[in-house]
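Participant: Need a 3D model of the following:
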Amino acid sequence: MDKLKRVLSGRDTEEPSGLTEVFEATTLSWNTRVKGFVACFAIGCLFSVLGSCLLWIVPKKGLVLFAVFYTLGNIASIGSTLFLMGPVKQLKRMFEPTRLIATIVMLLCLILTLCSAFWWHKKGLVLLFCILQFFALAW
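Facilitator: Got it, this is the predicted structure:
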């Protein structure tokens with residue numbers, strides 16, 4: 001009966017995927033969403049600051065720790081908006097044509113930051129990709 005109502009109202013002409021049904025079934029209250037957003041965003045900021053501090057404090061492994069914590073901080077900050085918008089809506093908006101380039105640059109820079117720290121051991125590339133992460137996130 002629900003499917004008939006959706007089709008007649010023009011809201012849904014396709015069968016929803018299993019993933020969409022899971023995300024729609026797990027709704028959170030607004031209060032819980034705000035708490036999740038604040039917690040995840042605070043963890044992201046903490047990781048980013050911690051990574052920046054570790055760059056200067058730890059002499060040999062500082063670069064790797066900086067890359068890992070800065071990248072985890074950005075991932076947590078992006079993940080915090082999942083609480084406010086919901087995962088499906090967030091992914092749809094991230095991959096809209098107007099945001100597609102920024103999303104691709106951001107995801108690519110996340111990966112390249114870790115690659116340049118772990119495998120290539122190039123400090124300049126780590127800093128460059130972190131700066132590009134920042135600009136892609138702001139874009």
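Participant: How about the secondary structure of residue 115?
Facilitator: With DSSP: H, G, I helix; E, B strand; the rest coil as the basis, the three-state label of residue 115 is helix.
Participant: ok, residue 56 - contacts?
Facilitator: Contacts for residue 56 (Cβ atoms under 8 Å, 6 or more residues apart in numbering) come out as residue 62. Where you see a C-beta, it was placed from the backbone N, CA and C, and this is true even at glycine.
Participant: Just the element for it, please.
Facilitator: Mapping residue 56 onto the secondary structure by DSSP states H and E places it in helix 30-57.
Participant: gap between that helix and the chain center?
Facilitator: 12 Å (Cα atoms, centre = their mean, to the nearest Å).
Participant: Run through who's touching the following helix or strand past it.
Facilitator: Stepping forward along the backbone from helix 30-57, the first helix or strand reached (DSSP H and E) is helix 62-85. Here helix 62-85 makes contact (Cβ under 8 Å, 6+ apart) with 28, 33-34, 36-41, 43-52, 54-56, 58, 90, 93, 106, 110, 113-114, 116-118, 121, 123, 126, 130, 133, 137.
Participant: Check stretch 33-46 too.
Facilitator: For stretch 33-46, contacts defined as Cβ under 8 Å, 6+ apart pick out 28, 72-84.
Participant: In CSV, list these along with neighbour count.
Facilitator: Output for these, formatted as CSV (neighbours: other Cβ atoms under 10 Å):
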residue, neighbour count
28, 12
72, 19
73, 22
74, 23
75, 15
76, 19
77, 18
78, 19
79, 17
80, 19
81, 17
82, 17
83, 20
84, 14
